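Engineer: A structural model of the following input is requested.
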Amino acid sequence: MELMSRSCDQRMEFCEAMAQWYRNYEAAMKASQQKGLRNKGRSQGCPKLPLDRSSAHWLLHRLDCASPPPEAQSWFSRVHVDQAEFKHHVGQTLLMVTDASGLPLGFDIIAAGRANPKGRATVKGANQKAKDDGEGKMAERILGLLRHCMEAPMSGGSPRRPQILRVLDRKLHKLLRGSVDAVSALRLTLTSHAADDWGAAGPDPESGDRASAPFALRWPVMRHCHVCKRYSFCCQLRPCPQCNAVLYCSDRCAEIDQSRCPEDSSHKYWCKSLAQYLRHGAELANLPFSYAAEVTGEDFEMERFLSQNRLDHGYWVHWSLLVRSPNFLLHSDMDYSGEITSSWLTGHTDPYGPLKAESDILLACSAKGPRAPNLTSPLVCWTQYCKWRGLSLSSPVVALLSSPLSIYYIMTTLVPRDFPELNILKKKSLKIHIIESNREFQSLMVFWELAMLLPHVTFELLFIGEGLPQECDEQQFLLQQKGDRLTLVCPSLAHDEGTGKRSIRVKGYRRAYHMLQAPKPDLVIGFRPAFRLHDFWLSTLPRLQSLKVPAYFCEDNELSCVCSQQVMGAATGGALSSPHINPFHSPLRVTRGDNTLPWYSNAFVFHLIYKTATCPQRVPVVRPRLCDPAQQLPPANQKAGVRQNSPPDAPSKMTRKERKQAARSVLRKRK
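Structural biologist: This next block holds a predicted model:
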């Protein structure tokens with residue numbers, strides 16, 4: 001089905017929303033110029049828009065594009081980023097309008113040299129005129145940007161206007177103070193002074209607003225039509241009246257989606273199922289955490305949650321849209337001249353970021369740790385785990401622990417039920433292949449929980465995927481105790497002193513799974529596999545079929561599980577088990593732009609059902625007799641015992657009487 005929102009990365013969705021808004025903005029500015037409304041926006045006036053009730057004042061930001069610092073240039077070279085692209089943007093200025101909460105409302109790009117119109121006040125004549133023209137065009141551009149942000153806010157919502165405008169740049173503030181009449185025409189009140197930085201807004205003497213929290217940009221869900229991809233700032237979106245799961249901008253788009261071909265790609269085919277999937281949202285949101293109501297909401301903003309809780313380093317960067325790369329450190333004190341593998345290891349020195357109390361609990365390796373859960377009654381929910389581990393239900397750390405806890409749940413609950421003949425809980429060592437799970441490979445320290453939950457098992461984890469970092473291909477790592485703390489080391493770079501007995505061996509392979517040459521695993525697990533979106537599954541699934549190894553996969557949504565069934569059937573002729581809710585799924589909801597379905601990392605789990613090899617019915621094979629070349633066989637249609645449709649070269653089956661006659665004729669010829 002075309003509803004697979006995962007086909008577009010969230011970063012790409014946000015970038016497409018910005019590009020679409022900017023195209024509409026440029027078209028509106030061009031139309032305004034064609035109508036002759038060029039007098040600094042005075043003749044445009046301002047439409048009668050309601051006040052923005054959520055934010056009384058808006059902010060105008062200025063961002064200047066400069067060359068990256070030396071430490072960043074070295075890093076860009078290592079991750080193969082073409083730095084020539086930056087040269088095209090050096091000197092440009094980005095003007096961005098947001099509300100007080102950091103919600104982006106629109107932006108404009110000013111070419112190099114236009115943001116700072118030069119000219120000296122003491123020079124008369126042409127230079128002074130050029131300066132005035134440059135400042136006038138700049139002011140006109142800013143006023144046009146403000147007007148379009150009111151009429152079509154990029155973050156969505158109804159048209160609205162602020163009461164107060166704050167400018168976070170002294171030169172732009174001075175420029176707008178010179179166009180105070182044009183600003184008043186937009187029914188705006190400009191603050192008396194410019195803000196010096198992006199810090200807390202502080203109390204405004206003109207508006208009487210109280211001091212606000214430190215400013216941080218928000219990255220909300222950009223809602224768009226499922227068919228034409230038009231965003232909410234262009235039109236009003238409405239859900240399907242039957243399932244309420246899919247968003248459309250018009251009846252025309254709804255009709256197109258209803259009549260797609262083939263039939264199983266149309267919304268009509270899936271509508272009832274989507275309504276059922278939507279009802280599972282309440283069950284997925286039934287979590288014991290104190291922040292559950294916030295993180296399970298339909299319009300949950302991941303970036304805002306991370307920012308408010310200061311989750312800006314450690315493994316939390318893998319959940320953010322702001323940083324995506326093989327290495328996540330750009331600190332000036334990092335040694336970029338060392339080995340690539342060792343610098344990659346430095347990203348695991350503080351895995352849980354600012355959660356120091358949780359880090360002390362999860363990384364401690366003292367003998368006084370909690371006793372492992374009983375295998376006959378394993379942990380089956382977050383409440384039991386947090387109580388056993390001593391973690392607070394108000395801590396967001398469980399989002400990072402969802403993957404190792406999902407593996408534990410599969411091993412202790414699902415495999416004994418689905419494959420009882422394996423006796424997996426009695427094994428002393430387990431080799432687990434984790435397929436196409438790049439975020440999990442970037443968060444290796446969390447898998448120490450497997451050693452704490454199942455201390456009698458020696459684990460060997462092999463991460464296989466084409467998206468793994470190139471520098472980690474065929475590299476081996478060890479999760480092990482060093483003193484009373486957990487460490488991640490590379491055996492080729494580490495020393496043996498001070499290491500404990502327990503360890504987890506990890507190895508990475510940067511390739512598709514069907515290209516891997518390795519011993520057969522005990523268990524295969526994949527996180528967010530997305531069978532329909534990657535062609536390599538058409539080769540990987542037959543490889544798993546040949547291995548006949550238990551293979552479990554965790555998906556974000558039930559629709560993804562059902563769509564994976566079609567790929568499994570086409571690739572191997574096999575099937576998938578019915579997906580069910582994973583009790584250890586992440587509590588942080590993943591929002592999608594074109595639908596309102598509940599998406600959570602590791603929300604549903606299913607396993608592969610391999611096609612049973614059927615033994616074909618044996619057909620008796622007649623072996624050809626060695627006979628004399630001079631022997632004359634009877635014609636095919638001479639005897640009733642010979643089949644009429646036998647090919648001329650096929651050996652005929654002789655009756656007993658014919659064999660005797662043939663034997664006599666051979667004896668006569670020999671005599």
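Engineer: strands of the stretch 301-450 of the chain, residue ranges please.
Structural biologist: Using DSSP state E, counting those that start in this stretch, the strands found in the stretch 301-450 of the chain span residues 429-435.
Engineer: all the helices of the stretch 101-250 of the chain, residue numbers only.
Structural biologist: 126-151, 170-177, 180-185 (DSSP state H, counting those that start in this stretch).
Engineer: those helices: which one's closest to Q276?
Structural biologist: helix 126-151 (39.4 Å; Cβ to Cβ). In short, each C-beta sits where N, CA and C put it, glycine included.
Engineer: between the helices of the stretch 101-250 of the chain, which one is closest to F527.
Structural biologist: Nearest to F527, of all those, is helix 126-151, at 39.4 Å by Cβ to Cβ.
Engineer: deepest-packed of the helices of the stretch 101-250 of the chain, please.
Structural biologist: Compared across these, helix 126-151 shows the largest average neighbour count, a mean of 19 (mean count of other Cβ atoms under 10 Å).
Engineer: could you give the mean pLDDT of it?
Structural biologist: For helix 126-151, the mean pLDDT works out to 78.
Engineer: format the helices of the stretch 101-250 of the chain as JSON lines; extra columns: distance to V97.
Structural biologist: Below are the helices of the stretch 101-250 of the chain laid out as JSON lines (distance: least, Cβ to Cβ, whole Å):
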{"stretch": "helix 126-151", "distance to V97": "5"}
{"stretch": "helix 170-177", "distance to V97": "12"}
{"stretch": "helix 180-185", "distance to V97": "13"}
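Engineer: what is the neighbour count of Y291?
Structural biologist: 16 (other Cβ atoms under 10 Å).
Engineer: revised request: answer the last question for A152.
Structural biologist: 20.
Engineer: quick check, it in contact with C234.
Structural biologist: Yes: contact criterion Cβ atoms under 8 Å: A152 and C234 qualify, at 7.2 Å.
Engineer: for the chain, longest strand please?
Structural biologist: Longest strand in the chain by number of residues (criterion: DSSP state E): strand 499-509.
Engineer: so what touches that strand?
Structural biologist: By Cβ atoms under 8 Å, 6 or more residues apart in numbering, the surrounding residues in contact with strand 499-509 are 365, 441, 444, 447-448, 450-451, 455, 459-465, 468-469, 472-482, 516, 518.
Engineer: follow-up on the earlier one: now the common contact residues for A152 and C234.
Structural biologist: N24.
Engineer: R304 is nearest to which of the helices of the stretch 101-250 of the chain?
Structural biologist: Closest among those, once you apply Cβ to Cβ, is helix 126-151, at 19.9 Å.
Engineer: following the longest strand of the chain, which helix or strand comes up?
Structural biologist: strand 523-527 (DSSP states H and E).
Engineer: partner strands of that next one and their direction?
Structural biologist: Here strand 523-527 has these sheet partners by DSSP bridges: strand 429-435 (parallel), strand 551-555 (parallel).
Engineer: make CSV from those and add distance to A216, mean neighbour count and mean pLDDT to it.
Structural biologist: Formatted as CSV, these follow (distance: least, Cβ to Cβ, whole Å; neighbours: other Cβ atoms under 10 Å; pLDDT from 0 to 100):
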stretch, distance to A216, mean neighbour count, mean pLDDT
strand 429-435, 34, 19, 96
strand 551-555, 31, 26, 96
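Engineer: need those strands in TSV with distance to V317, can you?
Structural biologist: Supplementary listing: the strands paired with strand 523-527 in TSV, determined by distance: least, Cβ to Cβ, whole Å:
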stretch	distance to V317
strand 429-435	20
strand 551-555	21
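Engineer: can you say which of these is nearest to F289?
Structural biologist: With Cβ to Cβ as the measure, strand 551-555 is the member of those nearest F289 (19.5 Å).
Engineer: quick check: closest non-adjacent residue to F606.
Structural biologist: Setting aside the residues directly before and after it, F606 is nearest to P579 in space (Cβ to Cβ, 6 or more residues apart in numbering), at 4.4 Å.
Engineer: follow-up on the earlier one: next, the buried residues of the longest strand of the chain.
Structural biologist: Neighbour-count burial for strand 499-509, counted by 16 or more other Cβ atoms under 10 Å, picks out T499, R502, S503, I504, R505, V506, K507, G508, Y509.
Engineer: from G569, how far off is the fourth one?
Structural biologist: What that stands for is I504. 36 Å (Cβ to Cβ, to the nearest Å).
Engineer: what do you get for the third one?
Structural biologist: Plainly put, S503 is 41 Å away from G569 if you go by Cβ to Cβ.
Engineer: circling back to that earlier point, now the buried residues of strand 499-509 in JSON lines, with pLDDT?
Structural biologist: Below are the buried residues of strand 499-509 laid out as JSON lines (pLDDT from 0 to 100):
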{"residue": "T499", "pLDDT": "49"}
{"residue": "R502", "pLDDT": "78"}
{"residue": "S503", "pLDDT": "88"}
{"residue": "I504", "pLDDT": "93"}
{"residue": "R505", "pLDDT": "94"}
{"residue": "V506", "pLDDT": "95"}
{"residue": "K507", "pLDDT": "95"}
{"residue": "G508", "pLDDT": "94"}
{"residue": "Y509", "pLDDT": "95"}
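Engineer: where in the stretch 301-450 of the chain is pLDDT low?
Structural biologist: 322-344, 367 (pLDDT under 70).
Engineer: can you identify each of the helices in it by residue range?
Structural biologist: Using DSSP H, counting those that start in this stretch, the helices of the stretch 301-450 of the chain run over residues 302-308, 340-345, 356-363, 382-389, 398-409, 415-418, 438-441, 448-453.
Engineer: single out the most deeply packed of those.
Structural biologist: The most buried one of these (mean count of other Cβ under 10 Å) is helix 398-409, showing a mean of 24.
Engineer: who are the packing partners of it?
Structural biologist: Under the contact criterion of 3 or more Cβ pairs under 8 Å, 6 or more residues apart in numbering; DSSP states H and E, helix 398-409 touches helix 382-389, helix 448-453, strand 523-527.
Engineer: relative to helix 382-389, how tilted is that helix?
Structural biologist: Orientation check (axes from the mean of the first three to the mean of the last three Cα atoms, to 10 degrees): helix 398-409 against helix 382-389 gives 100 degrees.
Engineer: ok so M12 is a helix residue?
Structural biologist: Yes: under DSSP: H, G, I helix; E, B strand; the rest coil, M12 falls within a helix.
Engineer: give me the helix or strand of the protein that scores worst on average pLDDT.
Structural biologist: When each helix and strand of the chain is scored by mean pLDDT, DSSP states H and E, helix 656-670 comes last, with a mean of 60.
Engineer: L488 and D350: what is the separation?
Structural biologist: Per Cβ to Cβ, L488 is found 12 Å from D350.
Engineer: follow-up on the earlier one: I'd say the residue nearest to F606 and D556 touch.
Structural biologist: No: contact between P579 and D556 fails when scored by Cβ under 8 Å: they sit 11.1 Å apart.
Engineer: what is in contact with these two at once?
Structural biologist: With Cβ under 8 Å, 6+ apart, P579 and D556 have common neighbours F604.
Engineer: so for those two, which sits in the more crowded spot?
Structural biologist: Each of P579 and D556 has its neighbours counted (other Cβ under 10 Å); D556 has more, 25 against 22.
Engineer: about what we covered before: quick one: which of the contacts of strand 499-509 sit in strands?
Structural biologist: 459-464, 476-482.
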